[in-house]
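Enquirer: I would like to see how this sequence folds:
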Amino acid sequence: MYSGTIVPLVTPFDPTGAVSKRDVVSLIEYVHADVTALMPTLSSGEGWRLTERQWHDMVSYTVANSHGLPVLVGIQLPDTEGVLRRARLARAMGADAVVVTTPFRMDITQEEIYQHYRTLREGVDLPIFLYNEEAVSGNRIEYETMLRLCELPGVVGVKESSGSPEFTRKLAAAGTGVPVFEGWENLLLASAGIDGFVGPLANLEPGLCNAMLVDPTPDRQEVINAVCENYGVFEDDWYARVKQELGRRGVITPQPSLEQA
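Expert: Numbering: from 1, shown residues only. Got it, this is the predicted structure:
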């Protein structure tokens, strides 16, 4: 069962726009000792806007340099057919699980969301992480639907990014047997009962994330909030700002300016 801090890797590019293998290796080297799994090509990895080539390269570089950590591959595509195709590719590339959003439709029903994940589960022999967010998909998974989904075989985790600590606590207390991970740094203290954390700060400060999970105090939450503010983790272009800081630290090659990102 997954727990602890899982890092949603940012995607470093070279000047031509290709994924930089050297920087991916360096980033994993930087964080691997303090995290329990690697999660490439999700929101912090710009998964919704990567080309097929970029997605393939980021996944393959991560799998090849994982230090033995599980690789949970993000898939952010608008329809079930596309998600299923990529999930099969991820399985062939050695992924341990896929992390999947709902289809990109504001008018989707909860039953359609359930059938989306059920179709995926039946179509590929690979565990699934549910990703509950609204910014990219335009919708969210409601509580009763989440309980149904957690009963599907092979559902191994929830990245809970609804932004509602009440929802997260209720789900964590539901006793589904599926671990729940908070997706927002500023809600860690308010999300009692979670099994772990998945958020962009883990690219920069995984040790601080671990400390918060072990001993969640108001003072530590204030430190995390201040660090996130300092690095721009709460901004709309957080992924570019995290890469900018990683470049400043020499972990990856300095990336294009924020205006070009």
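
Enquirer: Quick one, grab the pLDDT at Ser257.
Expert: At Ser257, the model reports a pLDDT of 63.

Enquirer: what do you get for Thr11?
Expert: Thr11 is assigned a pLDDT of 98 by the prediction.

Enquirer: What of Gly250?
Expert: 97.

Enquirer: What's the local residue count around it?
Expert: 10 (other Cβ atoms under 10 Å). Backbone N, C-alpha and C define where each C-beta goes, glycine included.

Enquirer: what about it, which SS state?
Expert: coil (DSSP: H, G, I helix; E, B strand; the rest coil).

Enquirer: What's the separation between it and Pro15?
Expert: Counting by Cβ to Cβ, to the nearest Å, the gap from Gly250 to Pro15 is 17 Å.

Enquirer: residues of stretch 182-201 that come out buried?
Expert: The neighbour-count check on stretch 182-201 (16 or more other Cβ atoms under 10 Å) flags 182-189, 191, 194-201 as buried.

Enquirer: from the chain's centre, how far out does that stretch sit?
Expert: For stretch 182-201, the gap between its own C-alpha mean and the chain's C-alpha mean amounts to 12 Å (Cα atoms, centre = their mean, to the nearest Å).

Enquirer: send the alpha carbons of that stretch over as PDB?
Expert: Extracted in PDB, the C-alpha atoms of stretch 182-201 (Å, rounded to 0.1, in the frame of the first residue of the first chain):
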ATOM      1  CA  GLU A 182      -3.600  15.300   0.000                       C
ATOM      2  CA  GLY A 183      -2.800  17.200  -3.200                       C
ATOM      3  CA  TRP A 184      -2.500  20.700  -1.700                       C
ATOM      4  CA  GLU A 185       0.400  21.800   0.500                       C
ATOM      5  CA  ASN A 186      -1.600  24.400   2.400                       C
ATOM      6  CA  LEU A 187      -4.300  21.800   3.400                       C
ATOM      7  CA  LEU A 188      -2.000  19.200   5.000                       C
ATOM      8  CA  LEU A 189      -2.800  20.200   8.600                       C
ATOM      9  CA  ALA A 190      -6.500  20.300   7.900                       C
ATOM     10  CA  SER A 191      -6.600  16.900   6.200                       C
ATOM     11  CA  ALA A 192      -6.400  14.600   9.200                       C
ATOM     12  CA  GLY A 193      -6.300  10.900   8.500                       C
ATOM     13  CA  ILE A 194      -4.500  11.000   5.100                       C
ATOM     14  CA  ASP A 195      -2.000   8.400   4.100                       C
ATOM     15  CA  GLY A 196       0.400  10.700   2.400                       C
ATOM     16  CA  PHE A 197       1.000  13.800   0.200                       C
ATOM     17  CA  VAL A 198       1.400  14.300  -3.600                       C
ATOM     18  CA  GLY A 199       2.300  17.900  -4.500                       C
ATOM     19  CA  PRO A 200       4.900  20.000  -6.300                       C
ATOM     20  CA  LEU A 201       6.700  21.100  -3.200                       C
END
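
Enquirer: what's the average pLDDT for it?
Expert: Taken as a whole, stretch 182-201 has a mean pLDDT of 97.

Enquirer: next one: stretch 207-222
Expert: Taken as a whole, stretch 207-222 has a mean pLDDT of 97.

Enquirer: Can you give me the end-to-end span of that stretch?
Expert: Stretch 207-222 has an end-to-end distance of 16 Å (criterion: Cα to Cα, to the nearest Å).

Enquirer: So for it, what gets flagged as buried?
Expert: 208-213, 216, 220-221.

Enquirer: could you redo those as JSON lines and give each row distance to Ser161 and secondary structure?
Expert: Below are the buried residues of stretch 207-222 laid out as JSON lines (distance: Cβ to Cβ, whole Å; DSSP: H, G, I helix; E, B strand; the rest coil):
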{"residue": "Leu208", "distance to Ser161": "19", "secondary structure": "helix"}
{"residue": "Cys209", "distance to Ser161": "15", "secondary structure": "helix"}
{"residue": "Asn210", "distance to Ser161": "20", "secondary structure": "helix"}
{"residue": "Ala211", "distance to Ser161": "21", "secondary structure": "helix"}
{"residue": "Met212", "distance to Ser161": "17", "secondary structure": "helix"}
{"residue": "Leu213", "distance to Ser161": "17", "secondary structure": "helix"}
{"residue": "Pro216", "distance to Ser161": "18", "secondary structure": "coil"}
{"residue": "Arg220", "distance to Ser161": "21", "secondary structure": "helix"}
{"residue": "Gln221", "distance to Ser161": "18", "secondary structure": "helix"}
